[in-house]
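In: Provided below for reference: sequence and predicted model.
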Amino acid sequence: MCGINGIYQFSGLKIKEDVVPKMNASLEHRGPDAKGEFRDDFVHFGHQRLSIIDLDERSNQPFVSEDGKHVLVFNGEIYNYQEIKSKLPNFNFKTNSDTEVVLAAYLEWGENCLRMFNGMFALAVWSQDEKKLFLARDRMGIKPLYYVLTDNELIFSSSVKSILNTGLIERKLRKESVVDYLRFQTVHAPYTLIEGIFQMLPGQQLVISDESGIHYKKYWSTVSDFKRFKGNREEAQELVRNELKKSVERRLVSDVPFGAFLSGGIDSSIIVGLMSEMRDQAVDTFSINFEEDEFSEAKYSQQVADCYKTNHHPITLSANEFKELIPEALSFMDHPSGDGPNTYVVSKKTKEAGVTMALSGLGGDELFGGYSVFNQIPELQKKKWLMSFPVYGRKPFANLYHAFKGTVASSKIKAILKQEYSDTEFIYQFYRQVLMDDQIEKLVKGNLPKNRVFEIGHELIGYGTPGWQLPSLSRISAVEMETYMQNVLLRDSDQMSMGVALELRVPFLDHEFVEQVLGIADQYKRPVSPKKLLVDSFKDMLPTEVYDREKMGFVLPYEHWMKNELHDFCQERLEVLETVPYINQSGVMRLWSHFKSNHKRVTWSRIWPLVVLGDWIKRNEIHV
């Protein structure tokens, strides 16, 4: 696990020699074990290494081929690197690292090497003779890769801040992205908050060469590469169990101490159970507990820890401790989001316990229907009589209902009832929306751009697309993964864990496992109880109390803290938004006031993303 940087100037390198070292310095927290550079007449690469596999310094990067003609910078892990290595008997390997295998695979198979990799990665290969630069990102979008492309150069990095610190791009907010952020507490790839900085899409590659010019390609897609399952219920459970077991086993390859996050929920409990079956020694597990009992899952995580005799590390958090950690966590917020500090806290404590790699249960909810949206969308789609009324007939009822209820939920129902169709992409766009458009119109001057989640959903699973062939619940899974999971959960997991140089691995997002689960029919996955197919596949491994209870979610008690211990912290950062010319500051303060007076439509999750945005703008000296 590492941080990568690079600059390619098409007509010859003219940047100062200190630019890439500055980029590396911005990423030192991601890779404190070693740093390196490569520079020739056209490219300058930088790398910061966190050593996980093969700790030998010969595996440091940038990694140069034996003939000196090819250079690799690579961030991530390839779990099946030994299997790939066995298919390259004529290659003279000098190390035991997956890094060398990545470069050897590229030299042997070219761009097709990506189809062979099972892992999480962002990489760049420079071929000197061909003057060809090859960039790629893993299928699920676990590892970040940002870039700037102009007529004269390409700048790439694991970090937005690293690109900003080159001084080669203006620190200017992109207005459309600000609206996307207000809607969804994030900005959806390929865009970022900064004008001109983009994010590579998951499963995407980019080639720049004198011969072919600039060429983007998707080498893998959530909706095009799924495997349709044709077995019965028992066979579906066997498939899930066997494939997840393989995924966990792949992710136990490590030359450093490792452990697991254990929230006491279904997903992390299964991961810990499988790890315990595969290891002779006790697994180190970590969980966050709160002094406020209503937010704590301590008894459930302890129950699983006792069941598998793990070396458990419960972390009890108070408001004052969290307040002290907030600025530290936000300093590693490379790209703002409304989530993240919870992951930072557990990552920090895990690292302090001497662990360098940990497994997480992220992805289980998206694959197995762990959110309410997996029930709500199918239920609404059954009510064909309701959507059969023309839109002009539904609007008065929708307005009246919301006026009566005045809640977050009623505002979303109102928006849904005004849609032309009840297809998933028309409905789903509102489920993850944080501030609704009528609220944003009071915050932002000018017309609002199109809803990005609708655009992504329509392109992904709209009628006639490959995603339309997925089972209906898997269509919801696909949109969840391509929006909320990739652009909030995975981004936060990476930037918060790497803030303390901790590598996170996510077995549920093994692409082979994802391909299999997405192809399973609705009748086996329908969530009549939380994640029924997953639970039925592992029921013998789970204490009853773990799966037979209401889902809590892994959240901090922000509602109380923001009105008390963190009040001034929030106020100061909301005031920073006054510097953004197209944000209506009086609207921001009105929203803040509504939150403090317990307005039903303004919960903490509607305000906290604004606090984070203000902090990020100030901290990174963004010019608006």
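Out: In hand now; what should we look at?
In: residue ranges for the strands of the stretch 201-350 of the chain, please.
Out: With DSSP state E, counting those that start in this stretch applied, the stretch 201-350 of the chain shows strands at 204-209, 213-218, 258-261, 284-290, 311-317, listed in chain order.
In: Relative to residue 350, which of the ones you listed is closest?
Out: Closest to residue 350 of those is strand 284-290 (Cβ to Cβ; 4.7 Å). (C-beta placed from N, C-alpha, C; glycine too.)
In: Quick check: residue 85 vs residue 579, distance?
Out: Taking Cβ to Cβ, to the nearest Å as the measure, residue 85 and residue 579 are separated by 53 Å.
In: Repeat that for residue 105.
Out: Counting by Cβ to Cβ - residue 105 and residue 579 are separated by 48 Å.
In: Out of these two, name the residue with the larger neighbour count.
Out: residue 105 (23 against 14; other Cβ atoms under 10 Å).
In: correct me, but the more buried one touches residue 88?
Out: Yes. In this structure, residue 105 is within contact of residue 88 by Cβ atoms under 8 Å, at 7.1 Å.
In: neighbours of residue 218, just the number please.
Out: By other Cβ under 10 Å, the burial measure for residue 218, its neighbour count, is 12.
In: Please name the residues that touch it.
Out: 201, 203, 204 (Cβ atoms under 8 Å, 6 or more residues apart in numbering).
In: next one: residue 331
Out: The contact partners of residue 331, taken as Cβ under 8 Å, 6+ apart, are 499, 619.
In: go on, residue 137?
Out: Applying Cβ under 8 Å, 6+ apart, the residues near residue 137 are 121, 122, 143, 144, 145, 200, 201, 202, 203, 204, 205.
In: Looking at these, which two lie furthest apart in space?
Out: Maximum pairwise distance in the contacts of residue 137, criterion Cβ to Cβ, is 15.3 Å, between 144 and 205.
In: Same drill for these two, tell me which one is more crowded.
Out: residue 144 (24 against 19).
In: Name the helix or strand for the more buried one, please.
Out: For residue 144, there is no helix or strand it lies in under DSSP states H and E.
In: does it really touch residue 487, like I thought?
Out: No. Using Cβ under 8 Å as the test, residue 144 is too far from residue 487 to be in contact (10.6 Å).
In: For residue 505, give me the backbone phi and psi.
Out: Here is the backbone geometry of residue 505 (degrees, to the nearest 10): phi -120, psi 140.
In: could you measure it against residue 253, distance?
Out: 10 Å.
In: Could you do residue 389 as well?
Out: Distance from residue 389 to residue 253, by Cβ to Cβ: 57 Å.
In: What of residue 576?
Out: From residue 576 over to residue 253 (counting by Cβ to Cβ), the distance is 44 Å.
In: Then residue 344?
Out: In terms of Cβ to Cβ, residue 344 sits 26 Å off from residue 253.
In: Compare these two and say which is more crowded by neighbours.
Out: Of the pair residue 344 and residue 253, residue 344 is the one with more neighbours under other Cβ under 10 Å, namely 25 against 18.
In: who touches that one in this structure?
Out: 325, 328, 329, 332, 496, 497, 499, 500.
In: Please read off the pLDDT at it from the model.
Out: pLDDT for residue 344: 92.
In: Where do the domain boundaries of the protein fall?
Out: Per automatic domain parsing, the structural domains of the chain span 2-218, 233-369+479-547, 373-471, 558-619.
In: could those be laid out in CSV, adding distance to residue 227?
Out: Formatted as CSV, the domains of the chain follow (distance: least, Cβ to Cβ, whole Å):
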stretch, distance to residue 227
domain 2-218, 14
domain 233-369+479-547, 5
domain 373-471, 11
domain 558-619, 36
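In: Among those domains, which comes closest to residue 225?
Out: domain 233-369+479-547 (5.6 Å).
In: and the closest one, how far apart are its ends?
Out: One end of domain 233-369+479-547 to the other measures 19 Å (Cα to Cα, to the nearest Å).
In: ditto for stretch 129-149
Out: Start-to-end span of stretch 129-149 (Cα to Cα) is 22 Å.
In: tell me the mean pLDDT over stretch 590-601?
Out: pLDDT averaged over stretch 590-601 gives 94.
In: now that stretch, how far from the centre of its chain.
Out: Counting by Cα atoms, centre = their mean, to the nearest Å, stretch 590-601 is centred 29 Å from the centre of its parent chain.
In: Now tell me what touches that stretch from outside.
Out: Everything outside stretch 590-601 that qualifies as a contact, by Cβ under 8 Å, 6+ apart, is 406-408, 411, 439, 442-443, 562-563, 570-571, 574, 602-604, 606-607, 610.
In: how about 6 Å then?
Out: 406, 407, 408, 563, 574, 602, 607 (Cβ atoms under 6 Å, 6 or more residues apart in numbering).
In: tell me which residues in that stretch are buried?
Out: With burial defined by 16 or more other Cβ atoms under 10 Å, the residues of stretch 590-601 counted as buried are 590, 591, 592, 594, 595, 601.
In: Next step: these restricted to helices.
Out: 590, 591, 592, 594, 595 (DSSP state H).
In: can those go into CSV with extra columns for distance to residue 449?
Out: Listed next are those as CSV, based on distance: Cβ to Cβ, whole Å:
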residue, distance to residue 449
590, 23
591, 20
592, 24
594, 25
595, 26
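In: Grab the most central residue of this structure for me.
Out: Centroid-nearest residue in the chain: residue 490, 1.6 Å away (criterion: Cα atoms, centre = their mean).
In: That residue: helix or strand, and which one exactly?
Out: Using DSSP H and E, residue 490 falls in helix 490-497.
In: That helix: how far from the chain's middle?
Out: Remark: helix 490-497 is offset 7 Å from the chain centroid, using Cα atoms, centre = their mean.
In: and what of stretch 360-378?
Out: Distance, stretch centre to chain centre, for stretch 360-378: 15 Å (Cα atoms, centre = their mean).
In: quick one: secondary structure of the closest residue to residue 193 other than its chain neighbours?
Out: Closest residue to residue 193 apart from its sequence neighbours, by Cβ to Cβ, 6 or more residues apart in numbering: residue 177 at 4.9 Å. Recorded secondary structure, residue 177: helix (DSSP: H, G, I helix; E, B strand; the rest coil).
In: So what's the residue count around residue 177?
Out: Close neighbours of residue 177, defined as other Cβ under 10 Å, add up to 20.
In: can you check residue 523 too?
Out: Neighbours of residue 523 using other Cβ under 10 Å come to 11.
In: The one 10 residues further on now?
Out: Neighbour count for residue 533, taken as other Cβ under 10 Å: 23.
In: can you tell me how far it sits from residue 472?
Out: 15 Å.
In: Let's test this: name the helix or strand in the chain with the lowest mean pLDDT.
Out: Taking mean pLDDT, DSSP states H and E as the measure, helix 384-388 is the helix or strand of the chain with the lowest mean score, a mean of 70.
In: Tell me which residues of stretch 378-393 come out buried.
Out: Buried positions in stretch 378-393, judged by neighbour count with 16+ other Cβ under 10 Å: 378, 380, 387.
In: hang on, the earlier thing: got a list of what the residue nearest to the centre of the chain touches?
Out: Residues in contact with residue 490 (Cβ under 6 Å, 6+ apart) are 141, 142.
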